[in-house]
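Engineer: sequence-free structure coming up:
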């Protein structure tokens with residue numbers, strides 16, 4: 001299962017289960033939010049680790065950048081597109 005698959009499944013669970021949604025949102029208050037989030041994912045049965053999450057976002061961003069204008073130095077700046085963690089939380093917070 002890829003990081004994208006894990007986040008998609010977790011997002012769907014968070015949309016349909018308020019307890020899971022709240023538990024995931026509470027990880028944002030931890031001293032190390034990314035680590036707390038990954039630990040909660042593991043408790044829910046998903047093997048997700050901080051570096052996997054960061055790396056997946058960077059790889060996704062790099063592939064998007066390569067696909068725009070040939071990926072050269074003149075490619076448009078794509079802000080925030082490499083942060084899958086923040087995009088995940090933006091989606092589940094929007095459901096409030």
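Structural biologist: Yes, it's here. Computed from a predicted structure; not experimentally measured.
Engineer: contacting residues around residue 27?
Structural biologist: Residues near residue 27 by C-beta atoms under 8 Å, 6 or more residues apart in numbering: 33, 36, 37, 39, 40. Quick note: C-beta positions are derived from backbone N, CA and C, even for glycine.
Engineer: could you check how far the nearest residue in space to residue 30 that is not next to it in sequence is from residue 49?
Structural biologist: Nearest residue to residue 30, sequence neighbours excluded (C-beta to C-beta, 6 or more residues apart in numbering): residue 36, at 3.5 Å. Separation of residue 36 from residue 49 (C-beta to C-beta, to the nearest Å): 13 Å.
Engineer: how about the contacts made by the nearest residue to residue 28 once chain neighbours are set aside?
Structural biologist: Using C-beta to C-beta, 6+ apart and skipping residues adjacent in sequence, the residue nearest residue 28 is residue 89, 6.7 Å away. Shown in contact with residue 89 (C-beta under 8 Å, 6+ apart): 24, 25, 28.
Engineer: try it again at 10 Å.
Structural biologist: Counting by C-beta atoms under 10 Å, 6 or more residues apart in numbering, residue 89 touches 11, 14, 24, 25, 27, 28, 33, 37, 83.
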